[in-house]
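**Student:** return atomic coordinates for the entry below.
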Amino acid sequence: MLPTPSKPLHHFLKYCSHCAISSHRFHPLLTHIANRLSTTTCHHDSATMSDMSAPLRSRVNPATGASEWVVEDEAYDYHQEIARSAYTDMLHDDERNKKYYEGIRRAIKLMHSRGKKAKVIDIGTGTGLLAMMAASSGADTVHACEAFPPIAEAANKIVVQNGFSDKIKVISKRSTEVIVGPGGDLPEKANILVAEVFDTELIGEGAVPTYLHAHEYLLEKDCICVPHSSTIFAQVIQSELVWNWHKLQPVKVPGCSDIIPPREMDTCAGAASVHDLQLSQVSPDKFTSITEPLKMIDFNFTKGDFDEERTTVTGTRTINEGHCHGLFVWWELIMDTEGEVRLSTAPTWAHPDRDKAQWRDHWMQAVYFFDRPLYTKKDEQVQLILSHDDYSLWFKIRPGNNNHGPIHASPERPICHCGGHVIFSRPRIGMLNDHERTNKYLQILQKKITDSSICLSASDGSTIALAAARLGAKVYSLEPTPMAHRVMNTMLHANGLTDRVILLDKRAQDMESSDINHEKIDILMAEPFYLTSLLPWHNLYFWYARTALANHLADDALILPRSASLRGIAVEFEHLWKFHAPVGQLEGFDVTTFDNIVQRSSELSDADTEPQPLWEYPGKALTHDFDLMTFDFTKPMPATNAVECGQVPFKWGGTCHGIVLWMDYHLDENTTVSTGLQHRVKNSSRALHWDRHSKQGVQFIKTNPRVEGSEMEALEFEVTFNPTHGNVHFEFGIER
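**Tutor:** Below you'll find the predicted structure:
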């Protein structure tokens with residue numbers, strides 16, 4: 001069920017038009033981005049601009065930092081909802097489709113065996129697929145609810161085209177708005193509920209209130225639900241990788257005291273928001289299992305005998321010694337009342353089908369973090385506490401006896417009080433904890449900084465500014481975002497650097513000489529990283545900042561990084577291409593109408609390039625990596641467009657699903673920080689190893705052309721950088 005978004009979220013989704021992420025992938029900083037973007041809507045005066053019915057929207061350009069007006073179609077937000085809804089990925093989930101179909105068949109057969117008509121209600125029907133499965137399985141009546149009007153209209157068309165108009169009634173309402181009784185939407189209560197209202201966290205789409213409302217108002221007492229029930233599993237783990245997504249670690253500065261996180265951060269429980277990812281891509285050598293996977297809590301959807309808020313305690317013995325850093329969590333659906341048809345979202349290394357497990361992205365796995373690591377020895381007893389409300393789960397761990405069951409006092413929901421978990425995403429925290437990456441900057445700064453050095457940091461929330469002060473420099477740091485300013489100020493106090501680092505709540509474009517006491521900057525440094533950047537080249541904002549600061553720089557100022565390269569590689573993805581692949585026929589039902597709607601919405605709302613965390617999505621190289629364009633930060637930005645053309649031979653054969661794009665930052669002639677490939681592609685495996693801290697850009701080639709990898713085939717490209725608007729435009733083609 002896809003709800004109509006509220007207006008503030010509407011505006012945020014509008015800004016995220018470049019971001020190929022469904023709602024479960026949102027950055028935690030919704031409020032900050034909404035405030036920083038200051039998105040407003042203005043309709044044209046109809047008397048003077050009668051030919052323009054679209055609204056003007058104001059936004060901050062993430063690359064240039066400038067405010068700009070953008071003309072967008074009135075229906076833009078709706079089109080983006082459809083294009084980014086993850087429906088296509090969900091419909092490509094063959095296991096889901098087949099097991100729902102089997103669960104529906106069994107429920108209808110069981111209801112008929114009781115001598116009753118099978119009266120089905122489908123909540124969140126989407127394409128109408130599950131409703132059509134019910135109708136074709138012998139349901140006597142089928143009513144399908146869909147809250148999002150464009151999808152409800154599509155479902156109605158699909159139902160008609162598949163010959164079920166006399167058996168299925170589509171209701172364009174939320175299930176909580178459905179009227180039951182003569183003359184109402186539902187003439188009488190249903191006795192079979194079919195619903196797919198689940199997300200990675202199971203209950204994050206509102207499954208709990210949806211089922212509880214349905215049992216009270218829409219269903220008969222002896223009803224059957226498909227799925228019948230669900231179980232949430234959790235496994236306690238020790239993992240440096242996981243812990244580095246949660247807590248800032250000390251930064252070691254050569255010859256100086258460490259930069260330490262403030263106590264407020266160290267003791268903060270963090271945000272309760274789920275960190276979802278493809279756990280199958282986390283190699284077992286990256287974590288130690290402290291416990292076996294544990295059954296934590298059940299939801300019996302058929303009975304509906306659960307509360308909106310519950311807390312349970314599960315006792316177990318540890319299987320390994322170590323620090324309990326967090327949990328890997330997944331769930332299982334039991335589709336039928338006999339428990340014979342099951343669907344698991346476990347990662348491949350814990351899945352009953354192992355490497356044959358169905359790939360999916362609409363349901364992934366979740367990572368939850370403990371506020372403090374609990375050290376345990378092997379075979380010790382621990383208690384794992386799970387709590388949930390209408391939409392969220394959270395966990396705690398404690399040493400204790402082995403028991404299982406509900407407890408009355410619900411542990412407090414984790415809330416970030418330090419600000420760091422609000423301002424920084426999990427990958428950003430991981431980036432700040434990447435000592436190898438940080439050391440590349442520090443090695444250069446250590447050589448250049450003297451006691452008289454004046455540095456200016458132009459990154460958002462960067463610990464490198466503090467490290468430069470430790471090395472002896474006087475540092476000015478631009479922190480125009482109030483929350484980031486507060487967090488960095490806390491860092492300064494924790495490290496005794498308030499006299500060495502001066503925070504400026506200004507953008508580079510607004511800085512005046514008096515802000516830096518009329519001093520000249522010896523070292524201008526940035527990672528670069530900016531909170532509003534979505535695509536790799538949005539961090540070219542550093543070049544705009546450097547240009548704006550030109551009059552404040554010493555003649556021999558060091559610019560760090562000195563330059564950047566925009567790089568690319570042609571890739572065959574194992575699964576990621578399914579995001580854009582048409583569905584066509586599903587279990588004998590024609591849903592091409594939906595394909596057409598998604599395609600049209602994608603054309604109207606999607607940017608050409610999408611950001612994706614590619615370490616989670618396997619693929620193979622079709623070319624070697626190559627340079628597309630370079631940017632010289634030692635010089636101010638030119639006023640004219642830059643254009644680069646070239647071609648790269650296809651080295652290997654396969655299906656060219658798209659071109660992956662990223663930025664490499666050159667600190668000096670021998671030191672580079674890459675946001676993309678971490679190792680050169682080897683001929684034998686063609687494997688791709690991506691930076692875990694960054695999203696790479698993907699320009700999909702939706703025709704999915706086949707290449708043979710011969711000397712006669714090459715990827716042609718033309719790249720245009722427009723410095724006025726900060727746009728980077730790509731044209732790719734295949735020369736045969």
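**Student:** leaving aside the residues next to it on the chain, what's closest to Asp298?
**Tutor:** Thr231 (5.2 Å; C-beta to C-beta, 6 or more residues apart in numbering). Quick note: C-beta positions are derived from backbone N, CA and C, even for glycine.
**Student:** a helix runs through that neighbour, doesn't it?
**Tutor:** No. Counting by DSSP: H, G, I helix; E, B strand; the rest coil, Thr231 is not part of a helix but strand.
**Student:** hang on, it packs against Trp330?
**Tutor:** No. The criterion here is C-beta atoms under 8 Å, and Thr231 misses it with Trp330 at 9.8 Å.
**Student:** which of these two has more neighbours?
**Tutor:** Trp330 (23 against 17; other C-beta atoms under 10 Å).
**Student:** endpoint to endpoint, stretch 585-601 covers what distance?
**Tutor:** 20 Å (C-alpha to C-alpha, to the nearest Å).
**Student:** what residues of it count as buried?
**Tutor:** Within stretch 585-601, the residues that count as buried by 16 or more other C-beta atoms under 10 Å are 586, 589-591, 593-595, 597-599, 601.
**Student:** so how far is it from its chain's centroid?
**Tutor:** Offset of stretch 585-601 from its chain centre (C-alpha atoms, centre = their mean, to the nearest Å): 25 Å.
**Student:** and for stretch 502-514?
**Tutor:** 32 Å.
**Student:** do stretch 701-714 as well
**Tutor:** Taking mean C-alpha positions (C-alpha atoms, centre = their mean), stretch 701-714 and its chain are 30 Å apart.
**Student:** what residues sit buried inside that stretch?
**Tutor:** Buried residues in stretch 701-714, counted by 16+ other C-beta under 10 Å: 701, 707, 713-714.
**Student:** right, and Pro649 touches Ala714 too?
**Tutor:** Yes. Contact criterion C-beta under 8 Å: Pro649 and Ala714 qualify, at 5.0 Å.
**Student:** pLDDT on stretch 566-574, on average?
**Tutor:** Averaging pLDDT along stretch 566-574 yields 98.
**Student:** buried set for that stretch?
**Tutor:** 566-573.
**Student:** same thing with stretch 511-527?
**Tutor:** Buried, per 16+ other C-beta under 10 Å, within stretch 511-527: 511, 515-516, 521-527.
**Student:** ok, and what's touching it?
**Tutor:** Outside stretch 511-527, the residues that touch it by C-beta atoms under 8 Å, 6 or more residues apart in numbering are 441, 445, 448-449, 453-459, 462, 464-465, 468, 473, 476, 478, 504, 506, 539, 542, 545-546, 548-549, 551-554, 556-561, 665, 673.
**Student:** can you tell me which of the residues you listed are buried?
**Tutor:** Here, 16+ other C-beta under 10 Å leaves 441, 445, 448-449, 453-459, 462, 464-465, 468, 473, 476, 478, 504, 539, 542, 545-546, 548-549, 552-553, 557-561, 665, 673 buried among the contacts of stretch 511-527.
**Student:** of the residues you listed, which belong to strands?
**Tutor:** 454-457, 476, 478, 504, 553, 557-560, 665, 673 (DSSP state E).
**Student:** can you list these in JSON lines and add pLDDT and distance to Val180?
**Tutor:** Output for those, formatted as JSON lines (pLDDT from 0 to 100; distance: C-beta to C-beta, whole Å):
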{"residue": "Ile454", "pLDDT": "98", "distance to Val180": "72"}
{"residue": "Cys455", "pLDDT": "98", "distance to Val180": "68"}
{"residue": "Leu456", "pLDDT": "98", "distance to Val180": "66"}
{"residue": "Ser457", "pLDDT": "98", "distance to Val180": "62"}
{"residue": "Tyr476", "pLDDT": "98", "distance to Val180": "65"}
{"residue": "Leu478", "pLDDT": "98", "distance to Val180": "59"}
{"residue": "Leu504", "pLDDT": "98", "distance to Val180": "61"}
{"residue": "Leu553", "pLDDT": "98", "distance to Val180": "71"}
{"residue": "Ala557", "pLDDT": "97", "distance to Val180": "73"}
{"residue": "Leu558", "pLDDT": "98", "distance to Val180": "72"}
{"residue": "Ile559", "pLDDT": "98", "distance to Val180": "68"}
{"residue": "Leu560", "pLDDT": "98", "distance to Val180": "67"}
{"residue": "Tyr665", "pLDDT": "98", "distance to Val180": "61"}
{"residue": "Val673", "pLDDT": "98", "distance to Val180": "61"}
